[in-house]
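Engineer: No sequence on hand, only this structure:
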């Protein structure tokens, strides 16, 4: 069986801990996974490095990438563009790495439409009470902020059913292994192994004739 | 997340070693899996026990089960009926066990049609040469027998694409773990967790109101 990389979109509730989860997955299996680096027109924050957190580019550069169809997906939030450059992803997939995009649902669905083999994973806390606790407990937030976070969570919940798998983040260690298990299992999907099936069929026909 | 059993159909090339694989999987994870026991009208062979290898029943009993729709699928080979009793499978699934049916492709497709959540796994040697070696190397077979086995393998290969996953049986130990991994990963499919998604949505709406 060949080992072509899988394009994976990871979304999840804000507060589901998916950022930490991704970091842990990548540090545990650095040869298996690569994180896609997005391009953005927003300014780098303190400590952010070009090519690590984001590719920081100008609006003009971004719009040229759109025009040349060099982005897998993109969106505009407030005044800034965010998008996923195709080239970086393609290189990693060709090298056999499973490439992870961490984007929200609208982007996820666009990617799936353009690349139907994309694997969609949704990270969720074990239940709503735990999610609320995480959203409330982050600090000394106002009621307005909490309400707006809960509203957002309700919207995010509506999208869950569009994802292929739900990953329950209760215990980080277990969750990382579960995510790894799911992705590695996906490599054995028959639709991801058309070449293997074709070869075995052709070889059997040939070997049959050699009797 | 609840833990409802998954109905799993395992097929594969004759000579793929799926019998040994199933035995090993069940002995390693006896609390996770149950093997479905088929009903048949053929006579027990030496050493076969009723309720273990098969439920041995009469033709009359079998036809009554067909009439009452008590079989998930059935087929007639030569003069004998073979079929999968629903009741045994349902009991095991309700108890949270993943139930494995070892049947060939026509049966597999019938089961999937009747129960779309069924997981279809196909066991294959790593390549056609290895498969031929196993088919030839079983003993002192005539050329006719080998030819007929190769013909059968070619037919079996045509069905591979209908299965959800391909399981490559090269190293038994690895293959058992891979199969386990695939099945356990499937438990996290969103379509298998409708109840979980419904609950989290309802709870979020409720908790939002409690601010």
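Structural biologist: Perfect, I can see it now. Owing to the predicted nature of the structure, the values given are computational and were not obtained by experimental measurement.

Engineer: Tell me the confidence at the closest residue to residue A:186 other than its chain neighbours?
Structural biologist: Excluding the flanking residues, the one nearest residue A:186 by C-beta to C-beta, 6 or more residues apart in numbering or on different chains is residue A:119, at 5.6 Å. The C-beta positions use only the backbone N, C-alpha and C, and glycine is treated the same way. Looking at residue A:119, its pLDDT reads 98.

Engineer: just the one 5 residues further on next, same as before
Structural biologist: On the pLDDT scale, residue A:124 is placed at 95.

Engineer: and it, what is it in contact with?
Structural biologist: A:12-13, A:16, A:131, A:160, A:166-169, B:200 (C-beta atoms under 8 Å, 6 or more residues apart in numbering or on different chains).

Engineer: give me that answer again for 6 Å
Structural biologist: Counting by C-beta atoms under 6 Å, 6 or more residues apart in numbering or on different chains, residue A:124 touches A:13, A:16, A:166, A:168.

Engineer: for residue A:204, same thing?
Structural biologist: Residue A:204 makes contacts with B:128, B:153-154, B:157, as judged by C-beta under 6 Å, 6+ apart.

Engineer: which one of those has the most neighbours?
Structural biologist: Top of these by neighbour number is residue B:153, holding 26 neighbours under the definition other C-beta atoms under 10 Å in any protein chain shown.

Engineer: isn't there a helix covering that residue?
Structural biologist: Yes - under DSSP: H, G, I helix; E, B strand; the rest coil, residue B:153 sits within a helix.

Engineer: Chain B contacts on chain A?
Structural biologist: Proximity of chain A to chain B, by C-beta under 6 Å from any C-beta of the partner chain, involves residues A:1, A:128, A:132, A:147, A:150, A:153-154, A:157, A:160-161, A:163, A:165-166, A:168, A:181-182, A:185, A:188-190, A:193, A:197, A:200-201, A:203-204, A:207-208, A:211.

Engineer: can you give me the helices for chain A?
Structural biologist: Along chain A, counting by DSSP state H, helices occupy A:18-28, A:59-67, A:86-94, A:105-114, A:128-136, A:143-159, A:172-186, A:194-209.

Engineer: who are the neighbours of the first one, in terms of helices and strands?
Structural biologist: Right, the one you point to is helix A:18-28. Where contact means 3 or more C-beta pairs under 6 Å, 6 or more residues apart in numbering or on different chains; DSSP states H and E, helix A:18-28 is packed against helix A:172-186.

Engineer: Quick check: buried residues in the helix it packs on?
Structural biologist: By 16 or more other C-beta atoms under 10 Å in any protein chain shown, the buried positions in helix A:172-186 come out as A:175-176, A:178-186.

Engineer: Now find how far off-centre it is within its chain.
Structural biologist: Mean C-alpha position of helix A:172-186 versus that of the full chain (C-alpha atoms, centre = their mean, to the nearest Å) differs by 14 Å.

Engineer: what is the orientation angle of it with helix A:18-28?
Structural biologist: Per axes from the mean of the first three to the mean of the last three C-alpha atoms, to 10 degrees, the angle that helix A:172-186 makes with helix A:18-28 is 70 degrees.

Engineer: Can you tell me what sits against helix A:172-186?
Structural biologist: Counting by C-beta under 6 Å, 6+ apart, A:6, A:21, A:24-25, A:98, A:119, A:165, A:167, A:169, B:181-182, B:185, B:188 sit against helix A:172-186.

Engineer: could you redo the last one with a cut-off of 8 Å?
Structural biologist: Applying C-beta under 8 Å, 6+ apart, the contact partners of helix A:172-186 are A:6, A:8, A:17, A:20-21, A:24-25, A:28-29, A:32, A:98, A:119, A:121, A:123, A:165, A:167-169, A:192, B:165, B:178, B:181-182, B:184-186, B:188.

Engineer: No further questions, thank you.
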